[in-house]
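*Asks:* task: produce atomic coordinates for the following.
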Amino acid sequence: MPSNIASALVFIVNAVSSLYLLVLLLRFWLPWLRADFRNPLAQGILKLTSPVIIPVRRLVPSFGRLDTATILVAFVLQCLALLLILLILGASANFSTIAISALAKLVLLSVNLFMFAIFIRIVLSWIAPGQYNPATAIITTLTEPLLAPVRRIIPPLGGFDISPIFVIIALGALTRLLMGFNRLGL
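*Replies:* Prediction:
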């Protein structure tokens, strides 16, 4: 297969799988962060993921707020996406390498989810400060547990909250640390 076609197919597989995995990771993180599931956006996340999660949940129970079924489905989907990419590229890898890379990619995707949520929260604070809508409620739920501890150490300076800068630096460092665990480099 020509490299440009393979590259396009790899991009499509990565994009589609990452989008659905982001929704699955949101489903995983929202209960941990005590999100309001009456929120229409949270309801949409549940509707998108329930057809896959509910059957698995019958076999794999949750442990408290730890949604093991969602993590298992996300892990399996990430492994399948990596296998498909390897197939497209004509490469191979053993199961342990794929599993470690899938786990690393899921953690990286979670870190990126939090980082993007912080960026969106920053932009929203400039454009529409103090306004409420379902998206801002979810973004606040995602970011506040990360920002609040830093805000206690470094209070707002002259009305400017600089805690997002330090959290983004920490998440960026974590991203670079985790990239070393992606053995496949995909």
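*Asks:* give me the neighbour count for residue 115.
*Replies:* 20 (other C-beta atoms under 10 Å). The way it works is simple: take the backbone N, C-alpha and C, and place the C-beta from them, glycine included.
*Asks:* tell me which element it falls in.
*Replies:* Assigned by DSSP states H and E, residue 115 belongs to helix 95-127.
*Asks:* what is that helix packed up against?
*Replies:* Under the contact definition 3 or more C-beta pairs under 8 Å, 6 or more residues apart in numbering; DSSP states H and E, helix 95-127 sits against helix 3-32, helix 68-89, helix 134-153, helix 163-179.
*Asks:* need the winner for burial among those.
*Replies:* Ranked by mean neighbour count, these are led by helix 68-89 with a mean of 18 (mean count of other C-beta atoms under 10 Å).
*Asks:* that helix to helix 3-32, inter-axis angle?
*Replies:* Per axes from the mean of the first three to the mean of the last three C-alpha atoms, to 10 degrees, the angle that helix 68-89 makes with helix 3-32 is 170 degrees.
*Asks:* helices or strands up against helix 68-89?
*Replies:* Using 3+ C-beta pairs under 8 Å, 6+ apart, the elements in contact with helix 68-89 are helix 3-32, helix 40-59, helix 95-127.
*Asks:* and the first one, what does it pack onto?
*Replies:* Right, the one you point to is helix 3-32. So helix 3-32, by 3+ C-beta pairs under 8 Å, 6+ apart, packs with helix 40-59, helix 68-89, helix 95-127, helix 134-153.
*Asks:* and that helix, how far from the chain's centre?
*Replies:* Relative to the chain's own centre, helix 3-32 is displaced by 10 Å; criterion: C-alpha atoms, centre = their mean, to the nearest Å.
*Asks:* quick one, it and helix 134-153 angle?
*Replies:* Going by the same axes, to 10 degrees, helix 3-32 is angled at 70 degrees with respect to helix 134-153.
*Asks:* just the second one next, same as before
*Replies:* Using the same axes, to 10 degrees, the inter-axis angle of helix 40-59 relative to helix 134-153 is 90 degrees.
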